[in-house]
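**Student:** below are the sequence and a predicted model; questions follow.
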Amino acid sequence: MNKKIYEFFLRFIGSEDDSTTQGLYKLFQVALFAIVIVFFINLLSLGKSSFGEWGDFFGGVLNPILTFLTFMGLLITIVIQQKELKEARAEFKRSADALDEQSISMKRQSFENTFFQMLTQHNEIINSIDLVNAETSVTTRGRDCFKVFYNRLAKEYRSNEKKGNGKYSHESIAKLAYKNFWRDHESELAHYFRFLFNFIRFVDESEFKEGLYIKLLRAQLSERELLLLFYNTLTEQGKAFYPYVYEYQLFDNMPKMKILNKDHLELFEKQAYGE
């Protein structure tokens with residue numbers, strides 16, 4: 001019986017079954033019980049009362065009823081206000097979520113615009129590089145220059161290795177070879193490495209560093225570029241790359257078979273190679 005009355009109460013006030021409605025229903029039960037008590041007290045006193053008290057009976061019954069109706073009106077008002085507040089909070093949350101999504105979308109769009117502009121600039125820097133062979137007068141341009149760069153570095157390394165005659169470590173020979181190589185080619189490569197470093201740092205400092213952007217950038221680097229980056233990172237001018245080498249596994253696609261000496265692979269932890 002109580003369940004059916006409660007269901008009727010819910011339909012009457014147009015609310016859902018929650019903690020607030022349950023509390024209002026308990027107040028309703030108390031008020032209804034009080035009216036019934038007053039009614040029966042007045043009813044029992046009818047036979048003992050004078051005709052003048054007959055009006056007091058109706059007044060005694062009517063006043064609680066009117067009070068009860070006023071109380072019910074107040075309950076309904078509270079429920080309506082609660083529903084409106086709940087709907088307003090839900091709408092506010094939807095609006096806030098929509099604004100957050102819009103803000104993130106705008107940030108990503110701005111980031112991607114800058115990213116692809118920098119990617120274009122990176123390729124333009126590569127395409128602007130040219131090397132002229134003093135002996136044959138043949139000019140090499142763009143990404144093909146890195147093949148020439150690496151061959152010259154390898155030549156310098158073999159020369160230093162031969163001069164060292166086994167007295168120096170493979171690491172020290174590599175650093176010396178790259179130092180001599182850099183002295184001759186800093187004008188062609190300094191801009192390239194500075195821009196590449198700032199490109200990676202731009203992605204690393206953004207909110208989207210966990211995406212595919214670094215992988216996309218890494219995929220743009222040719223085998224010879226990765227090999228030069230490997231030896232550049234071992235030197236003073238390239239040490240800023242060091243944390244990014246591990247963070248983004250920059251040597252993942254580097255051809256290990258083309259390294260100047262297999263012992264050089266041990267100069268970096270396996271994480272740098274994506275292992």
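**Tutor:** In hand now; what should we look at? Numbers count the residues shown, from 1 in each chain.
**Student:** going by C-alpha atoms from here, please, whenever you check contacts or count neighbours.
**Tutor:** Fine.
**Student:** what's downstream of the strand or helix carrying residue 231, the next helix or strand?
**Tutor:** According to DSSP states H and E, residue 231 maps onto helix 223-233. For helix 223-233, the following helix or strand on the C-terminal side (DSSP H and E) is helix 242-247.
**Student:** now the helix holding residue 231: how far from the chain's centre is it?
**Tutor:** From the chain centre to the centre of helix 223-233 is a distance of 31 Å (C-alpha atoms, centre = their mean, to the nearest Å).
**Student:** what does stretch 164-176 give?
**Tutor:** With C-alpha atoms, centre = their mean, you get 45 Å for stretch 164-176.
**Student:** so what touches that stretch?
**Tutor:** With contacts defined as C-alpha atoms under 8 Å, 6 or more residues apart in numbering, stretch 164-176 is touched by 157, 160, 161, 231, 234, 235, 261, 263, 264, 267.
**Student:** any idea which element the nearest residue to the third one once chain neighbours are set aside lies in?
**Tutor:** Spatially, and ignoring its direct neighbours in sequence, residue 161 is nearest to residue 173 (6.3 Å; C-alpha to C-alpha, 6 or more residues apart in numbering). Secondary structure here is read from DSSP H and E; on that basis residue 173 sits in helix 170-204.
**Student:** what pLDDT, on average, does that helix get?
**Tutor:** Over the span of helix 170-204, the pLDDT mean works out to 93.
**Student:** buried set for it?
**Tutor:** Judged by neighbour count (16 or more other C-alpha atoms under 10 Å), helix 170-204 contains these buried residues: 170-171, 173-179, 181-182, 188-189, 192-193, 196, 199-200, 203-204.
**Student:** may I see the buried residues of stretch 138-153?
**Tutor:** Buried residues in stretch 138-153 (16+ other C-alpha under 10 Å): 140, 143, 144, 145, 146, 147, 149, 150, 152, 153.
**Student:** and the closest residue to the second one other than its chain neighbours, what element?
**Tutor:** Leaving aside its sequence neighbours, residue 143 sits nearest to residue 126 (C-alpha to C-alpha, 6+ apart; 5.9 Å). Assigned by DSSP H and E, residue 126 belongs to helix 52-127.
**Student:** element containing residue 161?
**Tutor:** Going by DSSP H and E, residue 161 is in helix 145-164.
**Student:** surely the residue nearest to residue 143 touches residue 190?
**Tutor:** No - here residue 126 does not reach residue 190: they are 11.6 Å apart, not a contact under C-alpha atoms under 8 Å.
**Student:** if I look at the residue nearest to residue 143, how far off is residue 135?
**Tutor:** According to C-alpha to C-alpha, to the nearest Å, residue 126 and residue 135 sit 23 Å apart.
**Student:** which one of the two has more residues nearby?
**Tutor:** residue 126 (19 against 6; other C-alpha atoms under 10 Å).
**Student:** run through the residues that contact that one.
**Tutor:** 142, 143, 192.
**Student:** against residue 188, how distant is it?
**Tutor:** For residue 126, the distance to residue 188 (C-alpha to C-alpha) stands at 10 Å.
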